[in-house]
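> Model the following, please.
(one chain, ligands or ions: 3)
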Amino acid sequence: MLQLADMNLWSGRTDTEDGKAGERWHQRITPLQLDSEPGLAILGFVSDEGVRRNKGRIGAAKGPRILRLAMANLPATFDAPLYDAGNVKVEKEDLESGQSLLGARVSELLNGGHFPLVLGGGHEIAYGSFQGIARWMRELHREKTLGVINFDAHLDLRIPAPKGSSGTPFYQIAEQCEINGRPFNYLCVGAADNANTPALYNRADELGVKVIRDRDITSWQLESVKEQIREFIDGVDFVYLTVDLDVFPAAVMPAVSAPAGRGLSLELFEPLLDTVLDSNKVCLADMAEFNPYFDIEDHAARTAARIGFQIANGATANR
Ligand SMILES: N=CN[C@@H](CCC(=O)O)C(=O)O
Ligand SMILES: [Mn+2]
Ligand SMILES: [Mn+2]
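Ligands and ions are numbered 1, 2, ... in the order given. Next up, the predicted model:
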């Protein structure tokens, strides 16, 4: 089901004495219209179903609402128009229809020249985002290639058993690529050995997945990690960026189904995220797994909002 933008969520502090330079997202954002000029479009994916099927801790369906509240007060530091495109809501445990609807909505946004910033929902969001990008590329960029960059403690390459979940999206994407004779280019940054079984690493090998483990991301290896990311991006025309918030240490990101034992620190993540965004190849970004029930005084919501802020600024910088 499609839900219209709830503009009541966008409220916060106003500093009228500072004029335009004092504006925040809640003052800039407008509901997306059919004929809106290209801009940054925030779209929610209201879904608990993927995490439920993956035997996780339910609550990510509240993510889009709480993340909007957390982002409302961000400074409006970019010139591009900012829109709320409403939500896609998964109904009656019918995840497949929800993902397909998300795909349809995403391809509309991309066709309209927008940069979609999609807020989950569990990581089953990725299979919906991908469907939208694939449709847009089929219609407008047939000869181009796509790379998926996933910041995540998990590979999410589980085999649907029998149905998809928050643990299966990149396997499902690989299957779609195979069916359509397209290359499967997938880079997972931040995978934790204590959170992925050998079966999952073996599958990553079989599928030619590039994995950068969390333990190999340190301040003294940062340049090498950036180089590996750049090399991956050099091999594709467009990038689909997905951030599973459980890639961060549990102390800064407790608000997820499966908090990390180690995690990638924000100090290391932020320059890596800039490396991805600076490529100017990112066509869509999403954030997954935010579960406000496990937040502590909105600390994790603020962290997620900061990441949204960095993505929004980076994605609009050269548009
Ligand atoms: N989105 C993916 N989630 C993890 C969950 C792991 C866990 O529940 O411990 C996965 O399937 O690997
Ligand atoms: Mn994860
Ligand atoms: Mn994930």
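> element containing Q172, please.
Secondary structure from DSSP states H and E places Q172 in helix 169-179.
> quick one: that helix to chain centroid distance?
18 Å (C-alpha atoms, centre = their mean, to the nearest Å).
> Give me the phi and psi for the closest residue to ligand 3 within the stretch 1-150 of the chain.
Using C-beta to the ion, the closest approach of the stretch 1-150 of the chain to ligand 3 is made by H123 at 3.5 Å. Just so you know, the C-beta spots here come from the backbone N, C-alpha and C atoms, and that holds for glycine as well. Main-chain torsions, H123, degrees, to the nearest 10: phi -80, psi 0.
> what about it, distance to V243?
10 Å (C-beta to C-beta, to the nearest Å).
> Same check on D79?
24 Å.
> of those two, who's got more company?
Between D79 and V243, counted using other C-beta atoms under 10 Å, V243 has the larger neighbour count: 28 against 11.
> I'd guessed that one sits against I307; true?
Yes - with contact defined as C-beta atoms under 8 Å, V243 reaches I307; the gap is 6.3 Å.
> Could you name every residue contacting both of the two?
Residues touching both V243 and I307 by C-beta atoms under 8 Å, 6 or more residues apart in numbering: 273, 287.
> For stretch 120-131, output the C-alpha coordinates as CSV.
Extracted C-alpha coordinates of stretch 120-131, given in CSV (Å, rounded to 0.1, in the frame of the first residue of the first chain):
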residue,chain,number,x,y,z
GLY,A,120,13.6,1.0,6.1
GLY,A,121,12.3,-1.2,7.3
GLY,A,122,14.5,-4.3,7.5
HIS,A,123,17.1,-5.2,5.0
GLU,A,124,14.5,-6.8,2.8
ILE,A,125,14.2,-3.2,1.5
ALA,A,126,17.3,-4.0,-0.7
TYR,A,127,15.4,-6.4,-2.9
GLY,A,128,12.7,-3.7,-3.5
SER,A,129,15.2,-0.9,-4.1
PHE,A,130,17.0,-3.1,-6.5
GLN,A,131,13.9,-4.0,-8.4
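> Could you confirm whether it reaches ligand 1?
Yes - judged by C-beta under 6 Å from any ligand atom, stretch 120-131 comes into contact with ligand 1 at H123.
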